[in-house]
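K.L.:
Sequence first, then the predicted structure, then my questions.
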Amino acid sequence: MSLLKVVDVHKSFGNTKVLNGVSLQVDKSEIVVIMGPSGAGKSTLLRIMNYLVKPDEGYILFKGEKLSDDMRVLRQIRSQIGFVFQHFNLFRHLTVVQNVMLGLLRVKKLSKSEAYDLAMNCLEMVGLSDKARSYPSQLSGGQKQRVAIARALAMKPDLILFDEPTSALDPTLVNEVHQVMKKLAADGHTMVVVTHEIGFARNVATRIVYMENGVIIEEGNPVDFFTCPHTTNVRDFLSSVY
Ligand code: ADP
Ligand code: MG
């Protein structure tokens, strides 16, 4: 059984059709990279995966369970799905370790000392235990994104969604975030990553999904995708981002 299954999803905002029949499944330990031009519907698809956006038609299964408005089920499912955003979304009035502890206290209901220990382990994992008492404003963009990854990781998610995690970063800071993501992949985490970073996609993805105008145009393993794309859409896209 796949971990996540998106089945024939359609979504419009007003008169704009943003997703036009998208189906996708993600198995355990897969690293699925979603690529495509701006406006293709990538962020919407990612948000639909944990029901931050509701589909107009179609449905989503997580471990075989259908996502719906039933808040009890939804909360339970969302606690198993991590989300890492382009703009980090850290709380500026909380220290680094407090940011990582928050979900553990509020959602997982851990005690303060359990939450602290787990948060420190996760900060260690992303190489930032020495910044535990700093505030987000004292960190570089790359460090902030590593904190956001530690925060997602602390919840022990079965799936982590990344929406352009490095596109707000100075190019010199991209690599440190990719290194952490690579480590998660090697540890067997299941990840869906929207990114324009070809190097990361080539080296880390187990599958590439290419979208345009709300539909999946091409899907395949990275070697085929980058060396012999089947569609002119992908060829044009690749020549525009290389
Ligand atoms: P991508 O991430 O591939 O750039 P998005 O999923 O963000 O694409 O957006 C696809 C289209 O949907 C864009 O035209 C965008 O303006 C529109 N859109 C996305 N979210 C909303 C929203 N909440 N309300 C209205 N339009 C939206
Ligand atoms: Mg986007």
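P.N.:
Now that the structure is in, tell me what you want to look at. Ligands and ions are numbered 1, 2, ... in the order given.

K.L.:
Flag every residue of this structure that's near ligand 2.
P.N.:
42, 43 (Cβ under 5 Å from the ion). Every C-beta, even on glycine, is put in place using the N, C-alpha and C of the backbone.

K.L.:
Would you mind listing the buried residues in the longest helix belonging to the chain?
P.N.:
Counting by DSSP state H, the longest helix found in the chain is helix 171-186. By neighbour count with 16 or more other Cβ atoms under 10 Å, helix 171-186 contains the buried residues 173, 174, 175, 176, 177, 178, 180, 181, 184, 185.

K.L.:
Kindly reformat the residues you listed as JSON lines containing pLDDT and distance to residue 119.
P.N.:
Converted to JSON lines, the buried residues of helix 171-186 look like this (pLDDT from 0 to 100; distance: Cβ to Cβ, whole Å):
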{"residue": "173", "pLDDT": "94", "distance to residue 119": "22"}
{"residue": "174", "pLDDT": "96", "distance to residue 119": "25"}
{"residue": "175", "pLDDT": "96", "distance to residue 119": "24"}
{"residue": "176", "pLDDT": "96", "distance to residue 119": "20"}
{"residue": "177", "pLDDT": "97", "distance to residue 119": "19"}
{"residue": "178", "pLDDT": "97", "distance to residue 119": "23"}
{"residue": "180", "pLDDT": "97", "distance to residue 119": "16"}
{"residue": "181", "pLDDT": "97", "distance to residue 119": "19"}
{"residue": "184", "pLDDT": "96", "distance to residue 119": "17"}
{"residue": "185", "pLDDT": "96", "distance to residue 119": "22"}
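
K.L.:
Would you point out the most distant pair within the residues you listed?
P.N.:
Using Cβ to Cβ, the buried residues of helix 171-186 reach their maximum pairwise distance at 173 and 185, which is 19.3 Å.

K.L.:
neighbours around the residue of the chain found nearest ligand 2, how many?
P.N.:
Relative to ligand 2, the nearest point of the chain is residue 43 (3.2 Å; Cβ to the ion). Using other Cβ atoms under 10 Å, residue 43 has 19 neighbouring residues.
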